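Enquirer: Return a 3D structure for these sequence lines:
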Amino acid sequence: MKKINLAITGCLGRMGQQIIKSARKDKNFRIVSLTENKKTNKKLHKLDIYQNTEYAFKNANVIIDFTIPKCTLQVLQIASKLRKKVVIGTTGFNKNEENIIKKFSSKIPILKAGNMSLGINLLMYLTEITSNSLGNNFLAKVYEVHHKHKKDHPSGTALMLGNGIAVGKKKDFNKMIGNKYFNKKTFPYGKKINFNSIRKGETVGEHEVKFSSGKEIVTLNHEAFDRALYSEGALRAAKWLMSKKPGLYSMRNVLNFK
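Expert: Numbering: from 1, shown residues only. The predicted structure is shown next:
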């Protein structure tokens, strides 16, 4: 198989570093470009670090982006012009930014996922099924824990799970978002979906969905112990995206969950 030329944005960040590490171990990839939003004279593995420009991405087949929304939209603008494929792991987009991403996907293949983990995407699938099966007699809430460096809350994954609850109930997720708690020891169920986000230590990631009827509780949960599961998932997504036409895809497509 011909090697895939890979560009990695946010290369000095935690996920950027992890993707580099995983890609260097994967014989299917050749890292051709590393970028950061701000100019730097540093080098990584003998590669110059560029800013996000046409020059930086011109030799790439696919770009993997785990940065911040503003940076991601900049990357997509360049990728769209160069007709490059993009895997997005960035979270925290607002509704307008989500719509902009959809527009770009009419020109280039984009795979966007709030979480690249096989287990989390299975959890998402099970959340939809459980929510649908239990119906409106059960209230639901989402709990998540991440390392102290993570800025956004609730996490993209927690919001994905909340959306899964809404999909199961055949309701509009935006109308079902309840209270967003931060670093609370306990938090209540509500008529809408409440979220609680904990930021502590170096926790890779914990997510839990609870459904309660008042008489019984059903719990679905996932714990991540190694950040490599996210980077390896992103690389798997990049390989899958290579054969795709313009469109907006998710890890559900990669894993063939219905």
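Enquirer: Backbone torsions only: list them for the spatially closest residue to residue 93 that is not a sequence neighbour.
Expert: With Cβ to Cβ, 6 or more residues apart in numbering as the criterion, residue 93 has its nearest non-adjacent residue at 5.0 Å, and that residue is residue 69. The way it works is simple: take the backbone N, C-alpha and C, and place the C-beta from them, glycine included. For residue 69, the backbone dihedrals (degrees, to the nearest 10) come out as phi -50, psi -50.
Enquirer: Quick one: residues contacting residue 69.
Expert: Residues in contact with residue 69 (Cβ atoms under 8 Å, 6 or more residues apart in numbering) are 90, 92-94, 97.
Enquirer: And the strands in the stretch 51-200 of the chain, which stretches?
Expert: Per DSSP state E, counting those that start in this stretch, the stretch 51-200 of the chain has strands spanning 62-65, 85-88, 109-112, 139-146, 177-182, 193-199. These are given in chain order.
Enquirer: so which of the ones you listed is the most packed in?
Expert: Most buried of the strands of the stretch 51-200 of the chain, by mean neighbour count (mean count of other Cβ atoms under 10 Å): strand 62-65, with a mean of 28.
Enquirer: ok, that strand: who's next to it in the sheet?
Expert: Paired with strand 62-65 in the same sheet, following DSSP bridges, are strand 4-8 (parallel), strand 85-88 (parallel).
Enquirer: Could you export these to JSON lines, including columns for mean pLDDT and distance to residue 252?
Expert: Written out in JSON lines, the entries for these read as follows (pLDDT from 0 to 100; distance: least, Cβ to Cβ, whole Å):
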{"stretch": "strand 4-8", "mean pLDDT": "98", "distance to residue 252": "22"}
{"stretch": "strand 85-88", "mean pLDDT": "98", "distance to residue 252": "14"}
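Enquirer: Redo the ones you listed as a markdown table? Include distance to residue 212.
Expert: Listed next are the strands paired with strand 62-65 as a markdown table, based on distance: least, Cβ to Cβ, whole Å:
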| stretch | distance to residue 212 |
| --- | --- |
| strand 4-8 | 42 |
| strand 85-88 | 34 |
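Enquirer: For residue 149, find the nearest of those strands.
Expert: Of all the strands paired with strand 62-65, strand 4-8 sits nearest to residue 149, with 18.9 Å by Cβ to Cβ.
Enquirer: For that closest one, list the C-alpha coordinates in CSV.
Expert: Extracted as CSV, the C-alpha positions of strand 4-8 are listed here (Å, rounded to 0.1, in the frame of the first residue of the first chain):
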residue,chain,number,x,y,z
ILE,A,4,-0.5,8.3,3.1
ASN,A,5,1.1,11.7,3.4
LEU,A,6,-0.1,13.2,6.7
ALA,A,7,-0.2,16.7,8.0
ILE,A,8,-0.8,17.2,11.7
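Enquirer: Most widely separated two among the contacts of residue 69?
Expert: The largest separation in the contacts of residue 69, counting by Cβ to Cβ, is between 90 and 94 at 12.3 Å.
Enquirer: who's more crowded, the two?
Expert: Using other Cβ atoms under 10 Å as the criterion, residue 90 and residue 94 rank with residue 90 on top: 25 against 9.
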